[in-house]
Every structure is written in structure tokens, then in C-alpha cells.
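>>> Fold the following.
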Amino acid sequence: MPSVPVSRPARPILDGLSPKVHGLLQSMAGRVAAGANWMVRKKTLCDLMLGLDSFFSMTPGERRAAIGRAPDADEPDDAGPAEPFAGLLPTYVGAILEHLGEERVAGPEQAAIYLLSIQPEHTGAAEAWMQLDPRHEKAVRRIMRQDRRYAALMTLLSEHDRSTPSPRDTAAGADEAMQGEPR
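Below you'll find the predicted structure:
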């Protein structure tokens, strides 16, 4: 199957993250990279992102209990959930893809994941691959319709886009949203 090159992002996300968030995303990238092919990698990445969405929807007390951390005196248990994870999803996917360092997009599963990235170099490569052959775009659209994990992520993004005028898509926003994450 033909492939297209992926340019290195002009503004790497990983460079601007705190060590805590960088370590989390590096660990996730390792799990994704362990997949034998992009079908497995897509499933792993979608599962990780959906898990983070669940984690981010918890209150601080629920997050601490989930990770087995004692409450901090300055963190109220009754505070609402953190910022919606959907605003961070493209940043996290972009950071994981940066860590993987793939040089080419060569299949529909990979293209579908690259479309979720905030990095224009990633989305551009995915779109270029889809334009090589009408069957490529059809295969990606089939994933969007039939893969329930991918569809759930697309729904998260769609609902977030409708409810938020400007998504939090910066490395600083990623750090701020990690409140309650393991230290």
C-alpha cells in the first residue's frame, strides 16, 4: 500500500510539558508502540484516551481514590470534575504520535489516529494519504463509522466543539488539567 511522509512538527508538544505529564504521555506512547500493527495501536490508543476521559470526568476525591492517593488538605473533595478531557484529546494524541516518531502514514488505522492529532503535520499526512486513492478515504470513513472506540472519541470531540468556543489545546492547558494525577 502506498504511503506518505510525516513531517516533524514545527512546534513539538512534548517540549512544553511538565515532567509529570511528559512521563505519562511517554508511558502511553510505549504502550501504543508495543502494538504489532496499527490496528492494535489504534485500539490501544483509543482505549487509553477513553480511560483518560473517564478519569477526567471524576471529582478530585474520586480521582484520588482511583489512584490510591490520600487527600491533600488544600484539595476539596466536593469540587466538580476537571476540565473536559475532549479539549486535551488532540494535544495528547499529537504528543503520543510525536513520541512514536513515525516517518510515514501507510494505512487507514494509522491515518484515522493521525486525524485526531492537534499537529497540522500529522493531520496533513493523514489527509494526503487519504487523497492518494479514493479507497483510502473510504477505509478511514469505515473506521469512523464502525469502530466503537474511535466513534466514541469523535463524539467527545464533536460535543466539545459544540459546547466550547475555544478548546484548551496548549501544553500549559494539558498541565493545568492534570490536577489530581499521580505525583
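>>> going forward, measure contacts and count neighbours with C-alpha atoms only.
Noted.
>>> Now the spatially most central residue of the chain: closest residue in space that isn't a chain neighbour?
Taking CA atoms, centre = their mean, the centroid of the chain lies closest to Val93, which sits 2.9 Å from it. In space, and not counting its chain neighbours, Val93 is closest to Ser117: 5.2 Å by CA to CA, 6 or more residues apart in numbering.
>>> Looking at that neighbour now. What's its pLDDT?
The per-residue pLDDT reported for Ser117 equals 97.
>>> same thing with Met1?
In this model, Met1 carries a pLDDT of 74.
>>> give me the number of residues near it?
Counted with other CA atoms under 10 Å, the neighbours of Met1 add up to 5.
>>> And for Gly101?
12.
>>> and what of Arg162?
Neighbours around Arg162, by other CA under 10 Å: 9.
>>> Of all the residues in whichever strand or helix holds it, which ones are buried?
Here Arg162 sits within helix 148-163, counting by DSSP states H and E. Using 16 or more other CA atoms under 10 Å as the test for burial, helix 148-163 gives 149-150, 153-154, 156-157, 160.
>>> So which of those is the closest to Lys138?
Among these, Tyr150 lies closest to Lys138 (CA to CA), at 15.4 Å.
>>> returning to what we had before: now for the helix holding Arg162, which elements pack on it?
helix 38-56, helix 134-146 (3 or more CA pairs under 8 Å, 6 or more residues apart in numbering; DSSP states H and E).
>>> hmm, try it at 10 Å
When contacts are defined as 3 or more CA pairs under 10 Å, 6 or more residues apart in numbering; DSSP states H and E, helix 148-163 packs onto helix 38-56, helix 89-100, helix 108-115, helix 134-146.
>>> Check what pLDDT Ala174 gets.
52.
>>> Am I right that Pro12 is in a strand?
No: using DSSP: H, G, I helix; E, B strand; the rest coil, the assignment for Pro12 is coil, not a strand.
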